[in-house]
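**Student:** Coordinates for the following, if possible.
(chains A and B)
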Number of protein chains: 2
Amino acid sequence: MSSYRAPIADIRFVLDELAGLPQVAGLPGWEDAAPDTVAAILEEAGRFATDVLDPLNRAGDRAASVRHDDGSVTTPPGFKDAYLAFCANGWNGLGKSVEFGGQGLPQLVATAVEEMWHASNMAFDLCPLLTQGAIEAIERNGSEALKHLYLPRMVAGEWTGTMNLTEPQAGSDLAAVRTRAVPAGDGSYRIHGQKIFITYGEHDYTDNIVHLVLARLPDAPEGVKGISLFVVPKFLPDAGGRPGARNDVHCVSIEDKLGIHASPTCVMSYGDHGGAIGWLVGEANRGLEYMFVMMNLARFSVGLEGVGIAERAYQRAVAYARDRVQGRAVGLPAGAKTGAIVEHPDIRRMLMTMRAWIEATRAVAYVTAAAMDNAARHPDAEARKRHQAFVEFLIPLVKGHTTEVAQEVASLGLQIHGGMGFIEETGAAQHVRDARITTIYEGTTGIQANDFIGRKTARDGGALAKSVVARMASVANELAASADADLKAIGARLAAAVETAARAADWMVGAYASRPRVAHAGAVAYLRLWGTVVGGWQLARGAKIAAERLAAGVGDAAFLRAKIATARFYADALLPSVDAHYPLATGGGEAALALAAEQF
Amino acid sequence: MSSYRAPIADIRFVLDELAGLPQVAGLPGWEDAAPDTVAAILEEAGRFATDVLDPLNRAGDRAASVRHDDGSVTTPPGFKDAYLAFCANGWNGLGKSVEFGGQGLPQLVATAVEEMWHASNMAFDLCPLLTQGAIEAIERNGSEALKHLYLPRMVAGEWTGTMNLTEPQAGSDLAAVRTRAVPAGDGSYRIHGQKIFITYGEHDYTDNIVHLVLARLPDAPEGVKGISLFVVPKFLPDAGGRPGARNDVHCVSIEDKLGIHASPTCVMSYGDHGGAIGWLVGEANRGLEYMFVMMNLARFSVGLEGVGIAERAYQRAVAYARDRVQGRAVGLPAGAKTGAIVEHPDIRRMLMTMRAWIEATRAVAYVTAAAMDNAARHPDAEARKRHQAFVEFLIPLVKGHTTEVAQEVASLGLQIHGGMGFIEETGAAQHVRDARITTIYEGTTGIQANDFIGRKTARDGGALAKSVVARMASVANELAASADADLKAIGARLAAAVETAARAADWMVGAYASRPRVAHAGAVAYLRLWGTVVGGWQLARGAKIAAERLAAGVGDAAFLRAKIATARFYADALLPSVDAHYPLATGGGEAALALAAEQF
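**Tutor:** The predicted structure follows:
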């Protein structure tokens, strides 16, 4: 059985060399994020993931969370203790404001740690993740009173948070939300309605749960501009801020899902007994706007789930491939005996594909996190703006592309196990099942792609895309001119792929307005094309740095050589997939629109 | 909820126009396979699939087969009755010899019907499928006594059959089989050993089960040439051929699997109480050879499972996309309201991708089945040989490529459901789980690819591959010269893809001997490349015929236009994936071999 080990060597390489941790640690207020401190945090987090979260992952999948007739929910054995330890160790507050008890570390550092939670136990981490979203909603938009009442408890993890957006008729289209909120006359509201897909809407970790709920006021305009955001606690805080009277919000059922079984996905009913008591967050009718501001981080986290699950699937597959003896690998020296399947070229191909996708998507995610930190605290306003634009460009790739990659990686992990992969005991199948939600929640891949072709590519006439092309081309050209055979090959492949991405962007800018349906039919292919190129760019940067350090005799030579080999494989074997995406991204979807709906 | 409807229009088009059913029905002994008879069979089979098998599929998944402490296994409610009705209606004997009570229909007709069983209830159909394998093993190699004792009962479905190959240490590498068979002196043998992954190794459908078991005789040589095949019935037939004494073979556990839950996957123990009684099939030490002869059909059937599951996932996704109202589709005329998601371009892209893969892989499978029939009964010996070579070339594509495609199609079906796809109640997730085994059993995709690059491509110096290239190029060039814009575009894309396939084959022939590890690292990419091109070839043939019939005013115009549109989409959007596979198929895998095993 494979045990999760945080991939600290690669994480540190990406943090230090690609994402620029030293620069981020130099931003105002982040002096604590010094290399030594960060190294200690990573080690400690890795230990918690290995010792506490990973061992619970499979048992949690098999036991699942269970709802009882009284509406209470029991999480799998061990999960509550793990949650209490998680909070006691301060992990819940890692990236949260110091003002409310958090440790105020940069997003970049929080990202590295968060990857470990996703990898070792995604179903567990969804609770802190949703709490983080609720904290952000209150911190950005809530009154001082709300902030001081709720945030210290939520940052400490004493109370958890949930996000209540979806209703049966309102999924991707939140304009259709129907939950009602009526002013009670005392500054509070009475909430009535049903919400679905509420992650950790009910559980047994803590003695209170803080629901953030989208609802309509009586006089609200129709559509997206008539939705407000409310805080609705499970237990109403008393004068001392302790959980008091039970509020009129209840978990009426939990879903039987394909994966993340330990995470209870609840149907929540508000106001069955007169109305759930809630308080408005920020101004009326601006709820959806508040949500969209938070959505960048939520989408980023789901992309990071993709990285984490993929890493876990990879580690499990490596362990199996080293252990499983079957057949004699082709092309080994005469006299070679039956050996472990890791020696078979096709197993190598699969492991290397997994590895290359993981390293590429991790690098892109961490680079995005560093840009978030710069967008927040860079002293220069122009630089903040530039970083923010870069973040917004990358987010749909981190969410949309990484999660699609995670499907493939998890599936390859299962495939490497052969028949054993189909048996649940092995654990490989769980990663496939858990990963499957990541291309759906927080906006499907299609939604990410619509955002990427529209707001992120076409809206500014392709200017931002062009600026990224220029940065990528510069790296590609530098490598292509190298005397080193690997770097040269990587550079040449990347240069061709960057050129393809640039042409696709040109096409998309033109077609977005003139042929919107064709443009949208190619949107996912366009997103995948760009995601693949941007990943190749980051691996190319890494290969260049690795070669420099090897030449200088600095660092772990085997690790650095593996970085180059992985980048080379990505360039030779994965980057060419841009040529498969290009035709569909640039008009090939027209034939998809040829049939009438009845012809399907 | 979607209900399965056999896609009879497309099946008939493929049978009649692409696979040449009229020609097959003209072969000796198949006069009964006349168009009217076949049409009636398809209708009747479709009804059985819709009315009996499909309604049990989801309940079977949730209930699963259960093993009891006494070693007995109970299948889910309704499955036994369905099985008895299946046999009573003669479906079990459809393609089996008339001599033993079958209906002796061509493989081509059996294929169309079999697709419906896989689509409506794959877990159910595995029992008849394994019985078919056991029947074939006995019929081809068994003594007259064995044949007359077992085959009438197995063809009727009164007794089912199993295939016992795998052992814990012997999966893909059957040379490692350790189960022992000792002559008892009376013409029978005593079998001792453990077999795993035995589909329907125990169940409650029938009062006897006939196990075909690979085992070693005491004096057998090591490796693949020392394995013999035995018949080991659960109950020893008495003098009247009725189940008598209980044999020493027992189901000791069943697996908890990702999918096909209704199908019990058994660990079978032979000889715990003195030895299971068995009889040798054919000659000693030729068991593996007998297995490999049968393997073509087994692999073909698994590929067909891919077609079936993909079709079912497609139908479910279409039903949901037509029903689910969400958002306003982009680019519709001003004033368009919120509508069904089938109007969204990205949903169209997904549905069309599913549809195009299904039609392509179905066509290739049926064309393969027709070649099997010609290989068996064509009056001309040269023609039989030619057809057999074509079958052997296509089988790894039908198995290896179709099942990989089925993963993507089933996953797209889930994705179209959005959040509901992750909820088991919808049924979309079951297709993803069920489909997942198809790339593994009867030889993983890697095993298929090794066969395809070696025996099927390199062994004859690429001669067979070249002959297929010539046939494909001829269709492509004819279409490319067409005045019709769609046919012209399809022809041009196909011509380019065929040329890529030809270049890949040339490379593979050269590298197979000189750089075997690099060749094998690219084998799956090479197989996917070829699978994609061959599918495009068949869709192009279909488009050409559809255009001719439209021009002649014959047939259902909407159906024929949809055939052309689907072929066009395949050509524009899916066929370009050959450019992604090409680099890895032709040397790009070298970087996958650069790391030492310890570096993963």
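
**Student:** Going by C-alpha atoms from here, please, whenever you check contacts or count neighbours.
**Tutor:** Fine.

**Student:** ok, now which ones touch residue A:202?
**Tutor:** Neighbour list for residue A:202: A:72, A:73, A:209, A:250, A:251, A:264, A:266 [criterion: Cα atoms under 8 Å, 6 or more residues apart in numbering or on different chains].

**Student:** Kindly apply the preceding question to residue A:153 instead.
**Tutor:** By Cα under 8 Å, 6+ apart, the contact list for residue A:153 reads residue A:159.

**Student:** Can I get the contacts of residue A:202 in JSON lines including pLDDT, secondary structure and neighbour count?
**Tutor:** Shown next, in JSON lines, are the contacts of residue A:202 (pLDDT from 0 to 100; DSSP: H, G, I helix; E, B strand; the rest coil; neighbours: other Cα atoms under 10 Å in any protein chain shown):
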{"residue": "A:72", "pLDDT": "97", "secondary structure": "coil", "neighbour count": "16"}
{"residue": "A:73", "pLDDT": "98", "secondary structure": "strand", "neighbour count": "22"}
{"residue": "A:209", "pLDDT": "98", "secondary structure": "strand", "neighbour count": "25"}
{"residue": "A:250", "pLDDT": "98", "secondary structure": "strand", "neighbour count": "22"}
{"residue": "A:251", "pLDDT": "98", "secondary structure": "strand", "neighbour count": "25"}
{"residue": "A:264", "pLDDT": "98", "secondary structure": "coil", "neighbour count": "30"}
{"residue": "A:266", "pLDDT": "98", "secondary structure": "strand", "neighbour count": "23"}
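
**Student:** Count residues in the vicinity of residue A:29, would you?
**Tutor:** Residue A:29 has 13 neighbours, counted by other Cα atoms under 10 Å in any protein chain shown.

**Student:** my bad, should have said residue A:562
**Tutor:** Neighbour count of residue A:562, defined by other Cα under 10 Å: 18.

**Student:** Three-state assignment for it, please.
**Tutor:** For residue A:562, the assignment made with DSSP: H, G, I helix; E, B strand; the rest coil gives helix.

**Student:** pLDDT score for the closest residue to residue A:138 other than its chain neighbours?
**Tutor:** In space, not counting the residues next to it along the chain, residue A:138 is nearest to residue A:147; the distance is 6.2 Å by Cα to Cα, 6 or more residues apart in numbering or on different chains. What the model reports as pLDDT for residue A:147 is 98.

**Student:** Which element, helix or strand, includes the closest residue in space to residue A:375 that isn't next to it in sequence?
**Tutor:** Spatial nearest neighbour of residue A:375, excluding adjacent residues (Cα to Cα, 6+ apart): residue A:384 at 4.1 Å. For residue A:384, the host element (DSSP states H and E) is helix A:381-396.

**Student:** Likewise for residue A:71?
**Tutor:** Per DSSP H and E, there is no helix or strand for residue A:71.

**Student:** contacting residues for residue A:449?
**Tutor:** Residues near residue A:449 by Cα under 8 Å, 6+ apart: A:396, A:400, A:523, A:524, A:526, A:527.

**Student:** Within range of chain B, give me the residues from the stretch 301-450 of chain A.
**Tutor:** Residues of the stretch 301-450 of chain A lying close to chain B by Cα under 8 Å from any Cα of the partner chain are A:318, A:322, A:325-327, A:330-331, A:342-343, A:345-346, A:348-349, A:351-352, A:415, A:418-419, A:422-425, A:429, A:436-437, A:439-441, A:444, A:446.

**Student:** For the residue in the stretch 101-250 of chain A that chain B sits nearest to, give its distance to residue A:524.
**Tutor:** Ranked by Cα to the nearest Cα, the top residue of the stretch 101-250 of chain A for proximity to chain B is residue A:173, at 5.3 Å. Using Cα to Cα, to the nearest Å, residue A:173 is found at 19 Å from residue A:524.
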